[in-house]
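Participant: Sequence plus predicted model, see below.
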Amino acid sequence: MRTLIKNGLVYRDGAFVQADVLLDNDRIAEVGQKLTAKADSVFDAIGKHVMPGFIDLHVHLRDPGQMHKEDIVSGTRAAAKGGFTTVQAMANTDPVVDNLATVEYINRKAKELGSCKVLVVGALTRNSEGKEIASIANMLKGGITAVSDDGSCVQEGRLKFNALKYAAGFNIPVIVHAEDYSLAGSGQVNGGKISTQLGLSGIPALAEEVMIARDIMFAEKIRCRLHIAHISTARSIEMVQWARQAGLDVTAEVTPHHLLLTEEACVGFDTNTKVKPPLRTEKDRRACFDALREGVIDFIATDHAPHADYEKDREFTLAPYGINGFETAFCSLYEGLVLAGELPLETLVQRMAEAPARFLSLDTGRIEPGLAADVIMVDLDGEVSITPDAMLSKSKNTPFLGRSFKGRVLKTWCDGRITWDADDAE
Ligand code: DOR
């Protein structure tokens, strides 16, 4: 199956250039001017942008065990609609991904029924309980790409130190959800002005920062790969910057919601703004944005965390934490950062495709002959309406509900196969 995408503005080497792209089965075969190769299907991309498929290294597909929120079929369809061709699924399913059988279940189902590639994160500790190290060696037989107890955080220092040391033996990245439970308590929103105003208990910035400081010190001793998930405070970023300057293999990601929203979004008690780590102050948001632009934060990850309506539609203190991210990520960032004149489009694409691919040495993330045929065609003037009916995710828990953004993904090819076609959706 050969596909020719003609006359698009193609992302190459950090810039958009007019070109044609030829996909041959699951590979990019050729990129150039006026390609004449025979193809089974030809698409006119004139006036459209052709980008590498996005890669989201922090997502929750809720499969197995919480399929009323999402499953591999619905989650990867929503991802494809958002322009993603690879996602990395976190281990906090039911059962937790702390064993080979569950890794293999996800691999099999994603391969058979998925609309994008699914990488699997194994738990760092058994049942993500922070008591005993999980069998990383066993899960590696199923091809896990990272380990993490995301959603939970190992509190006990000695155990975390030993777990990092064990993971270092396999050269696998450890993804840290940084949260000191004794400081976070039952906090609902960021600890500060807004928590006081709303009468809700707060999660102080320190709850994140002390755990990042601890784990960076461990990483300095062990020399392991440490990746900070959903970084959210200015001080956390300073510590990552320090670690980098010290030559440590410490990386970080930031979510669209921490780049676009602050704690002010929680004022109306919309439970779709309740998330961990919480939405922070404008100073923190700005620090996250500056660090992303400068490359101190390596890439964007959605932390797609679907929760059903009946779970979110209740008192703020009883609702679960989490924001749905696949279908809003690119368009909200395009409008909120690129059209706002804050970030070049090229940098946004680099941080959503090229940088995450490099982090895991994936054969995707760029439009280059020989790489996987993971490509999207985007109409930057096209509108995306964020409504429950339009969303493909089973859950609709986004603070952007009711909004409309520019930056519509028209088509997604994953391994050369069309996995999202906006024309079919109309
Ligand atoms: O808000 C969050 N929800 N943060 C996390 O780290 C976990 C996630 C979830 O699994 O719902």
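Facilitator: Received it, and whenever you're ready, just let me know what you need.
Participant: quick one, longest helix in the chain?
Facilitator: Using DSSP state H to assign secondary structure, the helix with the most residues in the chain is helix 205-222.
Participant: neighbouring contacts of that helix?
Facilitator: Applying C-beta atoms under 8 Å, 6 or more residues apart in numbering, the contact partners of helix 205-222 are 153, 157, 160-161, 164-165, 168, 176, 178-181, 183-184, 187, 190-191, 224, 226, 228, 231-233, 235-236, 239-240, 242-243, 246, 248-250, 277, 280, 284. Backbone N, C-alpha and C define where each C-beta goes, glycine included.
Participant: Residue 398 and residue 202, how far apart?
Facilitator: Distance of residue 398 to residue 202, computed by C-beta to C-beta, to the nearest Å: 23 Å.
Participant: Same question for residue 410.
Facilitator: With distances defined as C-beta to C-beta, the gap from residue 410 to residue 202 amounts to 43 Å.
Participant: Next: residue 226.
Facilitator: 27 Å.
Participant: Which of the two has more residues huddled nearby?
Facilitator: Set residue 226 next to residue 202 and count neighbours by other C-beta atoms under 10 Å: residue 226 wins out with 26 against 21.
Participant: Which residue, other than its chain neighbours, is closest to the more buried one?
Facilitator: Leaving aside its sequence neighbours, residue 226 sits nearest to residue 219 (C-beta to C-beta, 6 or more residues apart in numbering; 4.2 Å).
Participant: Residues of the protein that sit close to the ligand?
Facilitator: 60, 92, 150, 151, 177, 275, 276, 305, 320, 321, 322 (C-beta under 6 Å from any ligand atom).
Participant: ok, the third one - contacts?
Facilitator: In this structure, residue 150 makes contact with 58, 90, 91, 92, 121, 175, 177, 229, judged by C-beta under 8 Å, 6+ apart.
Participant: thinking again about what came up before, would you mind extracting the C-alpha trace of the longest helix of the chain into CSV?
Facilitator: C-alpha atoms of helix 205-222 as CSV (Å, rounded to 0.1, in the frame of the first residue of the first chain):
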residue,chain,number,x,y,z
ALA,A,205,4.3,23.3,45.7
LEU,A,206,6.7,21.8,48.3
ALA,A,207,4.9,18.4,48.1
GLU,A,208,6.3,18.1,44.6
GLU,A,209,9.6,19.9,45.1
VAL,A,210,10.9,17.9,48.0
MET,A,211,10.4,14.6,46.2
ILE,A,212,12.1,15.9,43.0
ALA,A,213,15.0,17.1,45.2
ARG,A,214,15.3,13.7,46.9
ASP,A,215,15.1,11.7,43.7
ILE,A,216,17.6,13.9,41.9
MET,A,217,20.0,13.4,44.8
PHE,A,218,19.5,9.6,44.4
ALA,A,219,20.0,9.8,40.7
GLU,A,220,23.3,11.7,41.3
LYS,A,221,24.6,8.9,43.4
ILE,A,222,23.3,6.1,41.2
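Participant: Return the set of buried residues in it.
Facilitator: 205, 207-216, 218-220, 222 (16 or more other C-beta atoms under 10 Å).
Participant: Could you do stretch 165-182 as well?
Facilitator: In stretch 165-182, counting by 16+ other C-beta under 10 Å, buried: 166, 167, 168, 172, 173, 174, 175, 176, 177, 178, 179, 180.
Participant: How about stretch 358-373?
Facilitator: 359, 360, 362, 364, 365, 366, 367, 371, 372, 373.
Participant: Closest one of those to the ligand?
Facilitator: Distance to the ligand across these (C-beta to the nearest ligand atom) is lowest for residue 359, with 18.8 Å.
Participant: Distance of that closest one relative to residue 145?
Facilitator: Taking C-beta to C-beta, one finds residue 359 at 10 Å from residue 145.
Participant: what residues are shared contacts of the two?
Facilitator: Common neighbours of residue 359 and residue 145 (criterion: C-beta under 8 Å, 6+ apart): residue 173.
Participant: Next, give phi and psi for residue 23.
Facilitator: phi -100, psi 130 (degrees, to the nearest 10).
Participant: Kindly tell me how buried it is, as a neighbour count.
Facilitator: Counted with other C-beta under 10 Å, residue 23 comes out at 25.
Participant: is it true that it touches residue 30?
Facilitator: No - checked against C-beta atoms under 8 Å, the pair residue 23 and residue 30 is beyond contact range at 9.1 Å.
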